[in-house]
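**Student:** Need the 3D shape of this:
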Amino acid sequence: MIVVGAGVIGLSCAIRLAEGGYDVAVFARDLPLETTSSVAAAIWYPYLSAPEDRVAGWSRTSYEEFAKLAEIEPSVQLRHGREFLTGRTPDPRWADVLPDLTRVGSPPEGFVDGWSFTAPVLDMPAYLPALVKRLEQAGGTLTRAALSALPTGADLVVNCTGLGARLTAGDPTVTPVRGQVMTVEPCGLTEWLLADRSPTELTYVVPREHDVVVGGTSQPGDWNLAVDPSTSAAILERAAELVPQLRKAKIIRQRVGLRPARPTIRCELVRTRTGEPVIHCYGHGGSGVTLSWGCADEVFELVQGL
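**Tutor:** Next up is the predicted model:
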């Protein structure tokens, strides 16, 4: 069978299938470190994704998987952190998976609520190559290929092309949500922070082993992959208000990723006009990492049901 797409969803699905005994070949226009997944700050957090009930289940599965991986895979760490909120907010739907969700007593100025919890944090430039290695160890392959050059005759196609599903599935409901981020040198931070003041101006600070990811933006319908210097300055200013040591941190890199948003995530088995099975798994918005293993399990179950 072939899996199309080598972001975190495609690779996770391919690994589940290969480790489950299937013959799997991954084909992708963009190799893993060229995908939106590689730009992600990659903290486990269900963001920009629906439907809520399925997202909660997929998130739970992934959290449990990452907690296991954190014991053996250096690019996955469990880190404590806090989220500040501008409005009174009930516990999130996915709170039951968290072992230590606690309300924050006195949030900073401009925020009225908040909570702290432990979440998996992934260093994507290291995690994605680790996934490729795991896929290859299970007998799978990864090949760069244009859409027009995909092999024909596979007994099953799993479509994990993210934003590319506009073409691969002819689905115009998948649209970009632009995210701009930067990485800065470590400045003694160990805990992550989320503190969005508005739906488009995000603030997150996510320490990883060798750097800190600072973001961000959420700009629906914006295809621009160029870094905007004024946006970078605004991101850093928002973050430094809450984490002052960022003001002196040296910027390492600035990047833009286009989240593949969709009104609801598509994870289903369909058949072509001629009866061939195709499994679609795309539209994960800002939650590809968070939902990756949950969706991979569902794809595996769909294949087993054939």
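**Student:** Please tell me how far residue 11 sits from residue 80.
**Tutor:** To residue 80, residue 11 is 27 Å away according to CB to CB, to the nearest Å. All C-beta spots, glycine's among them, are computed from the backbone N, C-alpha and C.
**Student:** whoops, I mixed them up, residue 263
**Tutor:** 33 Å.
**Student:** what comes up buried for stretch 163-177?
**Tutor:** 163-166, 168-169, 171, 174-177 (16 or more other CB atoms under 10 Å).
**Student:** And that stretch, how far out from the chain middle?
**Tutor:** 17 Å (CA atoms, centre = their mean, to the nearest Å).
**Student:** What's the end-to-end length of it?
**Tutor:** 10 Å (CA to CA, to the nearest Å).
**Student:** tell me the mean pLDDT for that stretch?
**Tutor:** The average pLDDT for stretch 163-177 rounds to 97.
**Student:** ok, and what's touching that stretch?
**Tutor:** 4-5, 29, 36, 48, 147, 159, 161-162, 218-223, 258-263, 266, 280, 282-283, 285-286 (CB atoms under 8 Å, 6 or more residues apart in numbering).
**Student:** just stretch 293-306 next, same as before
**Tutor:** 1, 9, 12-13, 15-17, 20, 22, 57-62, 65-66, 156, 158, 265, 267-269, 277, 279, 281, 284.
**Student:** Quick check: mean pLDDT of it?
**Tutor:** Stretch 293-306 comes out at a mean pLDDT of 98.
**Student:** Alpha carbons of it, in CSV - could you do that?
**Tutor:** Only the C-alpha atoms of stretch 293-306 are listed here, as CSV (Å, rounded to 0.1, in the frame of the first residue of the first chain):
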residue,chain,number,x,y,z
TRP,A,293,-1.0,8.6,16.9
GLY,A,294,-4.8,8.6,17.5
CYS,A,295,-5.4,9.1,13.8
ALA,A,296,-2.8,6.5,12.9
ASP,A,297,-4.6,4.0,15.1
GLU,A,298,-7.9,4.8,13.4
VAL,A,299,-6.3,4.4,10.0
PHE,A,300,-4.9,1.0,11.0
GLU,A,301,-8.3,-0.1,12.1
LEU,A,302,-9.8,1.0,8.8
VAL,A,303,-7.2,-1.0,6.9
GLN,A,304,-7.8,-4.1,9.1
GLY,A,305,-11.6,-3.8,8.4
LEU,A,306,-11.1,-4.1,4.6
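**Student:** Please look at residue 69 and residue 63 and confirm they touch.
**Tutor:** No: between residue 69 and residue 63 there is no contact under CB atoms under 8 Å: 10.7 Å.
**Student:** which neighbours do these two share?
**Tutor:** Counting by CB under 8 Å, 6+ apart, the residues touching both residue 69 and residue 63 are residue 120.
**Student:** Next up, identify which helix or strand the closest residue to residue 162 other than its chain neighbours is on.
**Tutor:** Spatial nearest neighbour of residue 162, excluding adjacent residues (CB to CB, 6 or more residues apart in numbering): residue 260 at 3.9 Å. Element membership for residue 260, per DSSP states H and E: strand 251-261.
**Student:** And for residue 170?
**Tutor:** Applying DSSP H and E, one finds residue 170 in no helix or strand.
**Student:** Distance-wise, check it relative to residue 236.
**Tutor:** Distance from residue 170 to residue 236, by CB to CB: 40 Å.
**Student:** what does residue 201 give?
**Tutor:** Applying CB to CB to residue 201 and residue 236 gives a distance of 12 Å.
**Student:** cool, and residue 51?
**Tutor:** Counting by CB to CB - residue 51 and residue 236 are separated by 35 Å.
**Student:** With neighbour numbers in mind, choose between those two.
**Tutor:** Neighbour count, other CB atoms under 10 Å: between residue 51 and residue 236, residue 236 has more, with 17 against 10.
**Student:** Tell me the secondary structure at the more buried one.
**Tutor:** helix (DSSP: H, G, I helix; E, B strand; the rest coil).
**Student:** That one reaches residue 245, doesn't it?
**Tutor:** No: using CB under 8 Å, residue 236 makes no contact with residue 245, being 12.0 Å away.
**Student:** Would you map the strands across the stretch 151-300 of the chain?
**Tutor:** Taking DSSP state E, counting those that start in this stretch, the strands of the stretch 151-300 of the chain run over residues 157-159, 175-184, 192-194, 201-207, 212-217, 219-220, 251-261, 266-271, 277-282.
**Student:** which other residues reach the fifth one?
**Tutor:** Judged by CB under 8 Å, 6+ apart, the contacts made with strand 212-217 from elsewhere in the structure are 41-42, 178-187, 189, 200-206, 231, 235-236, 239, 246, 249.
**Student:** Kind regards, and thank you for your time.
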